[in-house]
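Colleague: Give the three-dimensional model of this entry:
(one chain, ligands or ions: 1)
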Amino acid sequence: MPSIPQIKLPSGRTIPQYGLGTWGMGESARNRTAEVTALKLGFDLGVTLVDTAEMYGSGGAEEITGEAMAGRRDELYVVSKVLPENATRRGTIAACERSLKRMRTDRIELYLLHWRGSPPLDETLDALLSLQRDGKIIDWGVSNFDTDDMEELADLDGGDDCASNQVLYNLTRRGIEYDLLPWCNQRSIPVMAYSPIEQGRMLGHKTLATIAARHNATPAQVALAWLLAQKGVVSIPKATNHDHLRENLKSLDLKLTTDDFATLDQGFPPPKRKQPLGML
Ligand SMILES: NC(=O)c1ccc[n+]([C@@H]2O[C@H](COP(=O)([O-])OP(=O)(O)OC[C@H]3O[C@@H](n4cnc5c(N)ncnc54)[C@H](OP(=O)(O)O)[C@@H]3O)[C@@H](O)[C@H]2O)c1
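Modeller: A predicted model of the protein is given here:
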């Protein structure tokens, strides 16, 4: 079983560098058993981080997460998210309580604002800090925040304790390398890379096939190994299919060479100027 490195958060606590996504889970009763089984398999294979949100399956993904975690909660690191429409002072607290109930747990290790909405940021922040004081969440962070949003947050009282920013990042979406990733790196704020294989759409790219052939690996493993090599980046591929799950985990054992990185830079050029933050 590959061991999963940990990244230090600004709080001094740590976050695993690899986890399981859950977007698309909890949407249909027919898939429920398969989804719970997939998460359990991931945990059995040594993955401890699970990323979910109140939005996914309108709470269904959190229920599946709760079911899969039964009997092993203390080994696990749970990330969930509040929807912007709920992110008022009182709404954030109520949303968190609902998430805790759905996941049958008393705490969330990392609780994120899913994206910026109309509630003022300082209101959401107040609620997150209050949830943290009460032990309902251990750390808090944001998602889909660009550099200017991060700067605005850091200027608020307590805002510089933000533990993570979860954004779209993979070889085909390298825009954050221009400014947001260095900004977060400088402040030791891990970036969580979502859609790390672009929901499968990038896997036919010929550069990935070239590198995969060098290592007797697969395109998904190369894409994930590349993310694992980026400083301060957590990646959270989602896989319900057991073969996908096992295949992806093997990326932890794949060490890319300097030549591989150069070839990947040719196939997926890094940004030369500021790009708007992508969102899925
Ligand atoms: N904060 C945000 O706004 C935000 C937005 C999007 C996603 N997220 C989080 O990030 C997680 C990951 O992103 P994502 O789900 O969008 O996309 P992803 O992890 O890039 O891709 C997931 C898709 O790829 C398939 N897949 C997985 N491994 C594969 C492999 N080795 N070969 C071929 N296909 C493979 C999966 O199929 P199977 O399931 O059938 O195995 C699934 O359809 C989400 O689940 C969610 O937790 C957050």
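
Colleague: Just give the number of residues close to Asn170.
Modeller: Using other CB atoms under 10 Å, Asn170 has 23 neighbouring residues. Heads up, the C-betas are built off the backbone N, CA and C, glycines and all.

Colleague: bridging residues for it?
Modeller: Asn170 forms beta bridges with Arg173, as assigned by DSSP bridges.

Colleague: how near is it to Glu151?
Modeller: Distance, Asn170 to Glu151, using CB to CB, to the nearest Å: 25 Å.

Colleague: Spell out which residues of the stretch 1-150 of the chain are next to the ligand.
Modeller: Gly21, Thr22, Trp23, Asp51, His114, Ser143, Asn144 (CB under 6 Å from any ligand atom).

Colleague: how much space between the second one and Gly159?
Modeller: In this structure, Thr22 and Gly159 are separated by 27 Å, where distance is defined by CB to CB.

Colleague: And for the first one?
Modeller: With the distance defined as CB to CB, Gly21 ends up 27 Å from Gly159.

Colleague: hmm, back to that, which of the residues of the stretch 1-150 of the chain next to the ligand lies closest to the ligand?
Modeller: Checking those against the ligand with CB to the nearest ligand atom, the nearest one is Gly21 at 2.4 Å.

Colleague: Count the residues that sit near that closest one.
Modeller: Neighbours around Gly21, by other CB under 10 Å: 24.

Colleague: List the residues that contact the nearest residue to it once chain neighbours are set aside.
Modeller: Closest residue in space to Gly21, ignoring its immediate chain neighbours: Lys238 at 3.2 Å, by CB to CB, 6 or more residues apart in numbering. For Lys238, the contact set (CB atoms under 8 Å, 6 or more residues apart in numbering) comprises Leu20, Gly21, Thr22, Trp23, Gly24, Met25.

Colleague: what about the third one, neighbour count?
Modeller: To tie it back to what came earlier, the one meant is Thr22. By other CB under 10 Å, neighbour count at Thr22 equals 27.

Colleague: Tell me if I am right that Leu131 is in a helix.
Modeller: Yes. Counting by DSSP: H, G, I helix; E, B strand; the rest coil, Leu131 is located in a helix.
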